[in-house]
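# need a structure here:
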Amino acid sequence: MTLPIVDLDFTEQPPIPEAGIARANELMASGRLFRYGETGSGELDVAALERAFADLVASTYCVALNSCGASLAVALASAGVRSGDAVLMNAFTLAPVPGAIAHVGASPVFVGITPDLTIDLNDLRRAAAKSDARYLLLSHMRGHIADLAAVVDIADELGLTVIEDCAHTMGAHWNGKPTGTFGAVGCFSTQTFKHINSGEGGLLVTNDEDIAARAVLHSGSYMLYAQHGAAPDEDVFRRHRLDVPNYSMRMSALAAAVALPQLDQLADRAATWNQRYTELASALAADPAIVVPRRPQAEQYVASSIQFRAPGLSASQMAEWVHAIAAHGVTVKWFGDSEPVGFTSRHDHWRFSDEQPLHVTTEILSTLCDMRIPLSMTSTQAGRIAEIIVGTRPANRVPADQGTS
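Numbering: from 1, shown residues only. The predicted model follows:
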């Protein structure tokens, strides 16, 4: 048997809806790309996105920012994190998460993960006790959702304020409740490679009126906060408006105009992603040497990527495997590389934080692979991709066929 070459752009995005293109052209023709108007009500696009997204996730308030990393930093500051504070975070995440903690002058405290890539709740208790941290920045990294009911119970017991990083879980739920609504704040992404695409952007949601008001002011509203679409009343802002610094992290009207019509496409996109994910996961898990994370029944995920491990392979074997996969047209990232590559880095690469040995987590990440699932991937391509991944594993390698699919 020979292995195919797959002709697929793993970063390909669906086109922006016509309504978004039309509105973006209107804005560019007018030159009014700033979200606020100094006279009148200003542009309505960002306010409309805030209202629509708050409704989508059943939250009272929503603040639109210029990136998810910005929304995380604003969430931390708005929830009360101050310079010198310790903030717990799961060690498996991407660099903007500890970066947001550093942004507000706080220190990341890493919490280990389970083989299913979610936060280790036993290690959470240990890290909280050792650090005296009062905040948890919980990443649903690559769409893997921890038992959020258990997380909330532990947070209540230990007095932790939870901020959810939902960059990879827009449209996802735990037991029917949207991610981002379990903690005090939830932060979502509209970066190109996420579930809706405005190039860059972040959406912060909360039911706490004081956190919401501080977030609006931190985002850079000046005294134009009444132009927000899902914000508290004037009296709440009057409590905070002279005390909260302006970070100038607000979203532009152009980004909101592009993002807004994509909210209606989210359910269809989720169905397509999850179908491809199921096909890939089933085929990969059929190889006894490959481990795909378990997904509990309570987790209603939106799988825009897939992760898998091959425990027991050495670093040189992993590097060889990833290279062999790439030779067949499949783009796979590896979290065990000694150096950060592209978007992929891990806790021991972030030297701005204190060194914290996490032996179990490091072992899990040493053979962890990560692959985007573009919406353009067909069922046939998913099968061929799984065939390539299994067939190029060092013990299973077979000759390549130069045909394309």
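# which ones are touching the residue lying closest to His347 once chain neighbours are set aside?
Among residues not flanking His347 along the chain, Ala91 sits closest, at 4.4 Å (Cβ to Cβ, 6 or more residues apart in numbering). All C-beta spots, glycine's among them, are computed from the backbone N, C-alpha and C. Ala91 makes contacts with 110-113, 346-347, 356, 358, 361, as judged by Cβ atoms under 8 Å, 6 or more residues apart in numbering.
# Which one of those residues sits in the busiest neighbourhood?
Sorting the contacts of Ala91 by how many neighbours each has (other Cβ atoms under 10 Å) puts Val111 first, at 28 neighbours.
# measure that one to Leu94 for me?
Taking Cβ to Cβ, to the nearest Å as the measure, Val111 and Leu94 are separated by 15 Å.
# Among the contacts of Ala91, name the ones in helices.
Within the contacts of Ala91, residues falling in helices by DSSP state H are Thr361.
# Make a markdown table from the contacts of Ala91 and add distance to Leu204 to it.
Supplementary listing: these in a markdown table, determined by distance: Cβ to Cβ, whole Å:
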| residue | distance to Leu204 |
| --- | --- |
| Phe110 | 24 |
| Val111 | 22 |
| Gly112 | 27 |
| Ile113 | 25 |
| Arg346 | 26 |
| His347 | 25 |
| Gln356 | 28 |
| Leu358 | 29 |
| Thr361 | 28 |
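# Throw the contacts of Ala91 into TSV and include pLDDT and distance to Ser314, thanks.
As requested, these are arranged in TSV below (pLDDT from 0 to 100; distance: Cβ to Cβ, whole Å):
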residue	pLDDT	distance to Ser314
Phe110	95	25
Val111	96	27
Gly112	96	22
Ile113	96	21
Arg346	76	18
His347	78	21
Gln356	79	24
Leu358	88	20
Thr361	92	18
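# Specify which member of the contacts of Ala91 is nearest to Glu209.
Of all the contacts of Ala91, Glu209 sits closest to Val111, with 29.7 Å by Cβ to Cβ.
# So His328 sits against Thr392, correct?
Yes: with contact defined as Cβ atoms under 8 Å, His328 counts as touching Thr392 (6.8 Å).
# Show me which of the two is the more surrounded one.
Shown here are His328 and Thr392; by other Cβ under 10 Å, Thr392 has more neighbours (23 against 20).
# ok, and the closest non-adjacent residue to the more buried one?
Nearest non-adjacent residue to Thr392, counting by Cβ to Cβ, 6+ apart: Ala324, 4.0 Å away.
# Now do the SS call for the one you found.
In three-state terms, and counting by DSSP: H, G, I helix; E, B strand; the rest coil, Ala324 is helix.
# how many other residues sit next to it?
Residues near Ala324, counting by other Cβ under 10 Å, number 20.
# Kindly format the C-alpha coordinates of stretch 331-345 as PDB.
What follows is stretch 331-345, C-alpha atoms only, in PDB (Å, rounded to 0.1, in the frame of the first residue of the first chain):
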ATOM      1  CA  THR A 331       0.400  20.300   8.300                       C
ATOM      2  CA  VAL A 332       0.800  19.000  11.900                       C
ATOM      3  CA  LYS A 333       2.300  21.000  14.800                       C
ATOM      4  CA  TRP A 334       4.200  19.400  17.600                       C
ATOM      5  CA  PHE A 335       4.200  20.700  21.200                       C
ATOM      6  CA  GLY A 336       7.300  18.700  22.200                       C
ATOM      7  CA  ASP A 337       9.800  20.600  20.100                       C
ATOM      8  CA  SER A 338      12.700  22.100  22.100                       C
ATOM      9  CA  GLU A 339      12.100  25.500  20.400                       C
ATOM     10  CA  PRO A 340       8.800  27.400  19.900                       C
ATOM     11  CA  VAL A 341       7.700  27.300  16.200                       C
ATOM     12  CA  GLY A 342       5.100  29.600  14.700                       C
ATOM     13  CA  PHE A 343       2.100  29.800  17.100                       C
ATOM     14  CA  THR A 344       3.200  26.800  19.100                       C
ATOM     15  CA  SER A 345       5.000  27.100  22.400                       C
END
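# buried sites along it?
Using 16 or more other Cβ atoms under 10 Å as the test for burial, stretch 331-345 gives 331-337, 344-345.
# List the buried residues of the biggest helix by length in the chain.
When the chain is parsed with DSSP H, its longest helix is helix 266-285. With burial defined by 16+ other Cβ under 10 Å, the residues of helix 266-285 counted as buried are 269-270, 272-274, 276-277, 279-281, 283-284.
# could I get the residues you listed as TSV with distance to Leu224 and pLDDT?
Compiled in TSV, the buried residues of helix 266-285 are given as follows (distance: Cβ to Cβ, whole Å; pLDDT from 0 to 100):
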residue	distance to Leu224	pLDDT
Arg269	33	98
Ala270	35	98
Thr272	39	98
Trp273	37	98
Asn274	40	98
Arg276	43	98
Tyr277	42	98
Glu279	48	98
Leu280	47	98
Ala281	47	98
Ala283	53	98
Leu284	51	98
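# tell me which of those residues is nearest to Arg294?
For these, the nearest to Arg294 is Ala281 (10.1 Å; Cβ to Cβ).
# which residue sits closest to the closest one in space, ignoring its chain neighbours?
Spatially, and ignoring its direct neighbours in sequence, Ala281 is nearest to Val292 (4.8 Å; Cβ to Cβ, 6+ apart).
# Low-confidence ranges, the stretch 101-250 of the chain, go.
Judged against pLDDT under 70, the stretch 101-250 of the chain has no low-scoring part.
# Do you have the strands of it handy? List them.
Taking DSSP state E, counting those that start in this stretch to define them, one finds strands in the stretch 101-250 of the chain at 107-111, 135-139, 161-165, 173-174, 177-178, 185-189, 202-206.
# Turn these into CSV, including distance to Arg82.
Shown next, in CSV, are the strands of the stretch 101-250 of the chain (distance: least, Cβ to Cβ, whole Å):
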stretch, distance to Arg82
strand 107-111, 11
strand 135-139, 10
strand 161-165, 12
strand 173-174, 30
strand 177-178, 29
strand 185-189, 16
strand 202-206, 19
